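Engineer: Structure, please.
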Amino acid sequence: MAGRRKRRAGREPSNGVDESLLAEGEPGRVVAHHGVAVLARFAEGEARQLWLQPDQTAVVGDRVRAVGGRFAVEPAHGVLQRRDARGRERTIATNLDGLGIVVATEPREPPGYIDRGFVIARAAGIEPFVVLNKTDLDEEGALGDRLEEIYGSSAEVLRVSAMTGEGVDQIRSRLSGGRLGAFVGPSGVGKSSLLNVLVPDLDLRVGALNRGSGKGRHTTTTATLHELEGGGFLVDTAGFKDFIAVGLEPLEAARHFPGFEIAASAGCRFRDCRHRSEPGCAVLEAIEEGTVAASRHRAFVQLLDELDSSPGRS
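Structural biologist: All right, here's what the predicted structure looks like:
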């Protein structure tokens, strides 16, 4: 796991396997992880189970080269990581091109969830986009308009409904041409429902909202990869109750925070500006001029405070 910790945007082949397999093995991609083995899909759609060797790691999205039951993992980019509730680092998927941050009118995402998702994705070289599901419940499009106002200049905001099918083709188009994407979002926002629409023969179990808490029940327990019509691929992830960043530095948050792009492009006086109170900060100047909302800066400072107090930082 040391390699995964050091490099989010890219990752070297895992140890414990003869890397000559990379030159002579049959190419495939990991589509599911089953503890001591992975399921990999090869040419013509053939799927085979491959056993992990001691000290070998592989996750959904990894490209592999296999000979018989032995395999090696190719270098990866777009590595999505998170911390679990116990503070342990987990690699969820690799080789991601896009990250769909799924939200809904109910249940609402935890404060800062979308901002954190943007920063984590961009720092890993993954392009984020926002998916507003359950638009049939968004009366007069109020939430969609609000998301457009905040994030529209930073990324696409797709308004979709798994219930009616509205806008779902936008997701297929977003991932067409062999692009690999993943959905993240709090339980109950409808990630599994969207996958059932995108992959009709999938039939994922869909959980209902808990009437008492208004929160969703987790229905996915492991990441799995699915092929979409149009040539794209989508990873279903275990329910992300919240995003806890792995190895993310405050300076990366300053570089990748959504809504600061135009202001930051003007250039701050200091290259390592964290947009807090530094003199000559282009973001702070934009706030004074009214081109960046003060509320967005407060959200940014909250994220910086979270990173400064995260595990592993003194």
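Engineer: For the stretch 151-300 of the chain, which residues score under the pLDDT cut-off?
Structural biologist: 202-222, 238-245 (pLDDT under 70).
Engineer: quick one, helices of it?
Structural biologist: 168-174, 191-198, 250-256, 261-265, 282-289, 294-308 (DSSP state H, counting those that start in this stretch).
Engineer: so which of those helices gets nearest residue 118?
Structural biologist: helix 250-256 (6.6 Å; Cβ to Cβ). To be clear about C-beta, it is placed using only N, CA and C from the backbone, and glycine gets the same treatment.
Engineer: could you dump the closest one to PDB, C-alpha only?
Structural biologist: Extracted in PDB, the C-alpha atoms of helix 250-256 (Å, rounded to 0.1, in the frame of the first residue of the first chain):
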ATOM      1  CA  PRO A 250      -3.800  22.300   2.200                       C
ATOM      2  CA  LEU A 251      -1.900  23.800  -0.700                       C
ATOM      3  CA  GLU A 252      -3.600  21.300  -3.000                       C
ATOM      4  CA  ALA A 253      -7.000  22.400  -1.700                       C
ATOM      5  CA  ALA A 254      -6.000  26.000  -2.400                       C
ATOM      6  CA  ARG A 255      -5.100  25.000  -6.000                       C
ATOM      7  CA  HIS A 256      -8.200  22.900  -6.700                       C
END
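Engineer: Tell me, domain by domain, which residues of this protein belong where.
Structural biologist: Split into domains by automatic domain parsing, the chain comes to 2-77, 80-236, 250-308.
Engineer: and these, which is most packed in?
Structural biologist: Highest mean neighbour count among the domains of the chain (mean count of other Cβ atoms under 10 Å): domain 80-236, with a mean of 18.
Engineer: what separates it from the chain centre, distance-wise?
Structural biologist: 8 Å (Cα atoms, centre = their mean, to the nearest Å).
Engineer: Next up, the contacts around the closest residue to residue 105 other than its chain neighbours.
Structural biologist: Take residue 105 and drop its neighbours on the chain: the residue closest to it by Cβ to Cβ, 6 or more residues apart in numbering is residue 137, 4.6 Å away. Contacts for residue 137 (Cβ atoms under 8 Å, 6 or more residues apart in numbering) come out as 104-106.
Engineer: likewise residue 69?
Structural biologist: Listed by Cβ under 8 Å, 6+ apart, the contact set of residue 69 reads 50-51.
Engineer: Using the three-state scheme, assign residue 91.
Structural biologist: Assigned with DSSP: H, G, I helix; E, B strand; the rest coil, residue 91 falls in the strand class.
Engineer: gap between it and residue 53?
Structural biologist: The spacing between residue 91 and residue 53, counted by Cβ to Cβ, to the nearest Å, is 17 Å.
Engineer: circling back to that earlier point, minimum distance to residue 275: which of the helices of the stretch 151-300 of the chain has it?
Structural biologist: helix 282-289 (4.2 Å).
Engineer: For the closest one, give me every contacting residue.
Structural biologist: Counting by Cβ under 8 Å, 6+ apart, 260, 262-268, 273, 275, 277-278, 292-294, 297 sit against helix 282-289.
Engineer: cutoff 10 Å now
Structural biologist: 254, 257, 259-260, 262-269, 273-278, 281, 291-297, 300 (Cβ atoms under 10 Å, 6 or more residues apart in numbering).
Engineer: Distance from that helix to the middle of the chain?
Structural biologist: That offset, for helix 282-289, works out to 29 Å (Cα atoms, centre = their mean).
Engineer: Quick check, residue 31 in contact with residue 63.
Structural biologist: No. With contact defined as Cβ atoms under 10 Å, residue 31 does not reach residue 63; the gap is 11.4 Å.
Engineer: and for the two, which residues touch both?
Structural biologist: With Cβ under 10 Å, 6+ apart, residue 31 and residue 63 have common neighbours residue 40.
Engineer: quick one: the closest residue to residue 304 other than its chain neighbours from residue 171, how far?
Structural biologist: Among residues not flanking residue 304 along the chain, residue 250 sits closest, at 5.2 Å (Cβ to Cβ, 6+ apart). Between residue 250 and residue 171 the computed distance is 32 Å (Cβ to Cβ).
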